[in-house]
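S.K.: For reference, the sequence and a predicted model appear below.
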Amino acid sequence: MADSPAPSDEVAPLRVGFLGAGLIARHHARSLRIGGAPLRWVGVHDPDRARAERFAREIRGEVFASEQALIEASDAVYVCTWTSEHPRLATAAAAAGRHVFCEKPLAVDLGAAQAMVDAVRAAGVTNQVGLVLRSSPGFALLRALLEVAPVGRVVNVTFRDDQELPVGGSYGSTWRLDAGRAGAGTLLEHSIHDLDIIEHLCGPIGAVSAHTAALGGHAGIEDTASLSFRLAGGGTGALTSIWHAIPGRFSNRRVEIFCERARLWAEGNMAETVGWEFRAGEPIVVSGDERTVALREHGGSPPPNPDRAFVLAAARARPSSPDFATALRAHAVADAAYRSAAAGGGGIAIPPPR
């Protein structure tokens, strides 16, 4: 097995294994290589043997015949399966004393997500969740502006997230149309990212009302969700989440935040373009490396590679971020939204974060 070089990390290489060999597992493997994380590639288990073999060749690891064998051979495990399997596999890894990186959403419902938090706490293992918007320099810049610049309180946030239905093509799977495996549709499976980043930027959501629809005809899989919410800080907001069938329009986000003394916005899946204006007619717009320059100018620092950060934290047996407990908050908001939609759109209060 090949080791990734890490001369400055001063930790022994961590043995990393994968449960699941699909698109997201390949994404994390690439991120680990780019980040130069100190690791040894152990291998992979996937019920699709051919897919497992392709992935194993990419990482120069082994194909394991069972989940337990993969867990036992690893120090840290990436859980990259369909959502309904996350609780069982993450809990099994934690019970074996293995550090756990789990893809989002944690589980198909709030109760199962809470049980996962309890499991990793009881085991005392490092844990992290794939809430990748926090690793975007664009969203980090928005957060720095909101915290440091003289913008005042958040008055309103409007967030739209649209994505081509994530089945077939590069995804190589159709499980997101199966409510038994995915739990729900676009709000849980995709916009769990958005709920997390909205609170990360603007503070806790105190109440939400929602409507959903499954126009594609897939039972239990909504392809559109509209949320209206009140921020605990007093402002208001809206989130629109859409799965569509526009070929090639994979994932796009548009967020606009009005504060008492400023307007901020971002465009692109990972906030590739960020803009703000403190005076009418004098907007500043940055993209690419300019986002990192502006981030530093406003007192922030570029977010770390999240996969490298997880491996380093696990190798040192330290906490990592965002962890399961952090991700649980987005599940609480999603749960309230689904309960509101089921009841016809009435408002649901959300207790503050613990």
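M.R.: Perfect, thanks for sending it.
S.K.: Enumerate the positions of the helix or strand containing H331 that are buried.
M.R.: Assessed by DSSP states H and E, H331 sits inside helix 324-342. For helix 324-342, burial by neighbour count (16 or more other C-beta atoms under 10 Å) applies to 324-338, 340-341. (C-beta placed from N, C-alpha, C; glycine too.)
S.K.: And the next helix or strand past that helix?
M.R.: Sequence-wise, the next helix or strand downstream of helix 324-342 (DSSP H and E) is strand 348-349.
S.K.: avg pLDDT for that following strand?
M.R.: Mean pLDDT, strand 348-349: 98.
S.K.: That strand - contacts with which helices or strands?
M.R.: When contacts are defined as 3 or more C-beta pairs under 8 Å, 6 or more residues apart in numbering; DSSP states H and E, strand 348-349 sits against strand 205-213, helix 324-342.
S.K.: so can I have a markdown table of those showing mean pLDDT and distance to D46?
M.R.: Below are the helices and strands packed on strand 348-349 laid out as a markdown table (pLDDT from 0 to 100; distance: least, C-beta to C-beta, whole Å):
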| stretch | mean pLDDT | distance to D46 |
| --- | --- | --- |
| strand 205-213 | 98 | 31 |
| helix 324-342 | 98 | 23 |
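S.K.: Nearest to A37 among those would be which one?
M.R.: helix 324-342 (20.2 Å; C-beta to C-beta).
S.K.: could you say what helices and strands that closest one packs with?
M.R.: When contacts are defined as 3+ C-beta pairs under 8 Å, 6+ apart, helix 324-342 sits against helix 110-123, strand 127-129, helix 186-189, helix 192-202, strand 205-213, strand 224-231, strand 348-349.
S.K.: What are the contacting residues of stretch 260-280?
M.R.: Stretch 260-280 has contacts (C-beta atoms under 8 Å, 6 or more residues apart in numbering) with 132-133, 136-139, 141-142, 145-146, 149-153, 155, 250-257, 283-288, 291, 294.
S.K.: Just the buried ones from those?
M.R.: Taking 16+ other C-beta under 10 Å as the criterion, what is buried in these is 132-133, 136-139, 141-142, 145-146, 149, 151, 155, 252-253, 255, 257, 286, 291, 294.
S.K.: Out of those, name the ones that lie in helices.
M.R.: Judged by DSSP state H, the subset of these located in helices is 137-139, 141-142, 145-146, 291, 294.
S.K.: and which of those is nearest N127?
M.R.: For these, the nearest to N127 is F139 (21.9 Å; C-beta to C-beta).
S.K.: so who does the closest one touch?
M.R.: 133, 197, 200-201, 266, 270-271.
S.K.: what's near enough to touch F324?
M.R.: With C-beta under 8 Å, 6+ apart, F324 has these contacts: 102, 106, 113, 116-117, 120, 127, 129.
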